[in-house]
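Asker: starting from these lines, generate the structure:
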Amino acid sequence: MPVLNTDAFLNELTAMFERSTEKGSVWVTMKRSSMMAKVHRNKLKTAEKPIDYRCLIRATDGKKTISTSVGPKEHQRFQSSYATILKAHMTSLKKRERKDKRKAAELDKKPEGSKKKASSSTKSS
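Answerer: Numbering: from 1, shown residues only. Sure thing, here's the model as predicted:
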C-alpha cells in the first residue's frame, strides 16, 4: 500500500465513492503517526528533539486500499477538500426507518387501558 500525495488520494477516494454508489461501502480511517519506527522515535525522545506527527489517512472499499499522510500545515486544505467530497457523495445513503415515539407510546397505552376495564367489569359481577 503506497502512500499517495494528498491530491492523488482525494482523486482516488472520489473514484472509490463513485464505484460504490449502487452497492458497497467505503471505509476511511485516520490516526496520528510519526511515520517512523518506534526505536527511532524513542531515540528522538531521549535526545529531547521534537517529533513531527502527521495524520495517516487510509481508505478502502474492500478491494483496493489507498493511504496518504497529511502534515499540520496542509491539514486545513486537505480537510476542506475531504469534506467537499464527503458532502457530494452522501446522496447514496439510505434513510433509517424510525418509529414515531408518540405512536409507539399510544400503542403501549391502549392495551393496558382495555385490560383494566375488562378486569373491573368481572369484579362487579
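Asker: so what's the residue count around Ile57?
Answerer: Ile57 is flanked by 23 other residues according to other Cβ atoms under 10 Å. In this view, the C-beta of every residue, glycine as well, is placed from N, C-alpha and C.
Asker: please read the previous query as pertaining to Thr65.
Answerer: Neighbour tally, Thr65, other Cβ under 10 Å: 13.
Asker: hey, what's it bridged with?
Answerer: Counting by DSSP bridges, Thr65 is bridged to Thr60.
Asker: ok, it touching Ala59?
Answerer: Yes - Thr65 sits in contact with Ala59 when judged by Cβ atoms under 8 Å, with a separation of 7.3 Å.
Asker: can you give me the end-to-end span of stretch 59-68?
Answerer: Using Cα to Cα, to the nearest Å, the end-to-end distance of stretch 59-68 comes to 9 Å.
Asker: just the buried residues of that stretch, please?
Answerer: For stretch 59-68, the neighbour count (16 or more other Cβ atoms under 10 Å) marks 59-61, 66, 68 as buried.
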